[in-house]
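> this is the structure alone, sequence omitted:
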C-alpha cells in the first residue's frame, strides 16, 4: 500500500510503498477514504510541539473508511461497512486508569508509549489497522462525502469536553479559544446539544463575525483586548446572566492570563473544563485563586480527548442534522500531495476550515 511517512522530524513527509498492515485478534483493517489534516500538523511534524512520535511513522489522527478485514471477535461489523476510525487507543488491562495513545499522533506516559509502539501508524495511508472497539458505523449519507465527514476528528474533541462538563440544554457556555479550529467546533457542537447561549471570545474579528453570522443571536462574540480584568468584565457582560460552564480550547501559544480570564467568568457552582494546550510549550502555568475555587464551589476538570461513547453521540448529532457539516469549507488532497496538504492546513486553520487527505483517490 501507499502511505505518507514521517521519516524524521523536520523532514517532509515521504509518500511511498510500505507493507500492508495485518489485523490480528481484536483488530480491524480499514481502507481509508478520508482523514483530516490538523492545522497544527506542520508543528508536530517539524518537532515544534515535541510530540512523542517515533519516526519512521505513518501519522494521521483518525479517518473515515470501509472495513477490508475483520478479526474473529467482531460480532456486528461486516466487511464493506462504512466506519469512523477513532484514534484514541486505550489499554485493555486497567479499567480505571487506562493508558492512552493517539494512534499515529501522540501518547501519554510510558504505558501510552507502549501502546503507540504496537499501534503506531495512523490514517495517512491506504490501509489502517485499528482496534475493533475503535471502529464506529456511519450512516450511508457519509459515503456520499467522506471527506466532509472526516471532520469527526475535530468535532469529537470538544464534544467530549462538553460531556465531561455536563452541559445541559438551555445553559450558557463560554468557549475560550472560540475563533480557533477546535474552539469554533465547540460553539457549533454546544448549540447542537441545546446550549441556550454561547459566549465566543477572541481577537480575530473576522472569525467572530463568521460565528455570529452562522449561528445568530444565540452566539455572543466578544473582542478581546489582552487586558485580563477588562476582558473578564466584557465576557461577563456579554453573557447577560450567569455563565454555567467554561470550556478552554486555547492553543499552546496562548498566555495563561487569557485562559484565567475566561475561567473566572463562571458562576458560583459552575464548571470549568480544560482541554487546550496552555503551558505545554513553556510560559506561565494557569493560576486560579484557591479561595475563589473553594468559596464558590467551582468544579475544574481536565479532559484529554473523549470517552468511547462520545463517538456514537457525535455521529448521531451529525446523522440527525443537529450538527450541520454543509457550511464547512473542505479542501481535499491526494495522498501524493500530503506535504501540500500540511502546508495548506497551516494556512487555513480558521473556523470550519477542513483540510483532508483522500488516500484512495489517485
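That came through, no problem. As the structure is a prediction and not an experimental result, all values here were calculated from the model.
> how long is stretch 321-334 end to end?
Length of stretch 321-334, first residue to last, C-alpha to C-alpha, to the nearest Å: 28 Å.
> then stretch 293-307?
For stretch 293-307, the first-to-last residue distance is 26 Å (C-alpha to C-alpha).
> quick one: average confidence on that stretch?
Averaged over stretch 293-307, pLDDT sits at 97.
> repeat for stretch 59-69
So the average pLDDT for stretch 59-69 ends up being 97.
> how far does it sit from the chain's center?
16 Å (C-alpha atoms, centre = their mean, to the nearest Å).
> list the buried ones in that stretch?
59-69 (16 or more other C-beta atoms under 10 Å). Every C-beta, even on glycine, is put in place using the N, C-alpha and C of the backbone.
> in strands, which of those appear?
Applying DSSP state E to the buried residues of stretch 59-69, the entries found in strands are 63-69.
> any chance of those in a markdown table, plus distance to residue 243?
Shown next, in a markdown table, are these (distance: C-beta to C-beta, whole Å):
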| residue | distance to residue 243 |
| --- | --- |
| 63 | 36 |
| 64 | 35 |
| 65 | 40 |
| 66 | 43 |
| 67 | 43 |
| 68 | 47 |
| 69 | 49 |
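> about what we covered before: tell me the one of the buried residues of stretch 59-69 nearest residue 264?
Of all the buried residues of stretch 59-69, residue 264 sits closest to residue 61, with 31.8 Å by C-beta to C-beta.
> roughly how far apart are the closest one and residue 89?
11 Å (C-beta to C-beta, to the nearest Å).
> what is in contact with those two at once?
When contacts are counted by C-beta atoms under 8 Å, 6 or more residues apart in numbering, residue 61 and residue 89 have 102-103 as shared neighbours.
> how about the helices in the stretch 101-250 of the chain?
Ranges of helices in the stretch 101-250 of the chain, per DSSP state H, counting those that start in this stretch, are 109-118, 146-149, 152-164, 181-192, 205-215, 228-239.
> quick one: closest of those helices to residue 310.
helix 152-164 (4.6 Å).
> counting by contacts, list what that closest one packs against.
strand 27-36, helix 181-192, strand 243-248, strand 266-274, helix 309-319 (3 or more C-beta pairs under 8 Å, 6 or more residues apart in numbering; DSSP states H and E).
> got the angle for it vs strand 266-274?
140 degrees (axes from the mean of the first three to the mean of the last three C-alpha atoms, to 10 degrees).
> related to what we said a few turns ago, and the furthest pair within the ones in strands among the buried residues of stretch 59-69?
64 and 69 (17.1 Å).
> any regions of the chain where pLDDT drops low?
362 (pLDDT under 70).
> kindly recompute the last result at 50.
Along the chain, no part satisfies pLDDT under 50.
> SS state for the closest residue in space to residue 47 that isn't next to it in sequence?
Leaving aside its sequence neighbours, residue 47 sits nearest to residue 9 (C-beta to C-beta, 6 or more residues apart in numbering; 3.5 Å). Classification of residue 9 by DSSP: H, G, I helix; E, B strand; the rest coil places it in coil.
> quickly note the distance from residue 9 to residue 251.
Counting by C-beta to C-beta, the gap from residue 9 to residue 251 is 19 Å.
> who has more neighbours, the two?
residue 251 (20 against 15; other C-beta atoms under 10 Å).
> now do the contacts for that one.
40, 177, 180, 276-277.
> hmm, residue 286 is touching residue 279, no?
Yes - look at residue 286 against residue 279 with C-beta atoms under 8 Å: they come within range, at 6.6 Å.
> overlap in contacts of these two?
Common neighbours of residue 286 and residue 279 (C-beta under 8 Å, 6+ apart) are residue 256.
> separation between residue 276 and residue 175?
Taken as C-beta to C-beta, the span from residue 276 to residue 175 is 11 Å.
> overlap of the contact sets of those two?
residue 249.
> neighbour count winner among those two?
Legend: neighbour count by other C-beta under 10 Å for residue 276 and residue 175, higher for residue 175 (33 against 23).
> what would the helices and strands packed on helix 152-164 look like in CSV with mean neighbour count and distance to residue 18?
Shown next, in CSV, are those (neighbours: other C-beta atoms under 10 Å; distance: least, C-beta to C-beta, whole Å):
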stretch, mean neighbour count, distance to residue 18
strand 27-36, 26, 13
helix 181-192, 26, 29
strand 243-248, 26, 38
strand 266-274, 20, 37
helix 309-319, 18, 27
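> which residues touch residue 81?
Residue 81 touches 66-67, 137, counting by C-beta under 8 Å, 6+ apart.
> hmm, try it at 6 Å
67, 137 (C-beta atoms under 6 Å, 6 or more residues apart in numbering).
> what is the burial count for the nearest residue to residue 354 once chain neighbours are set aside?
Leaving out its chain neighbours, the residue that sits closest to residue 354 by C-beta to C-beta, 6+ apart is residue 330, at 4.6 Å. By other C-beta under 10 Å, the residues close to residue 330 number 18.
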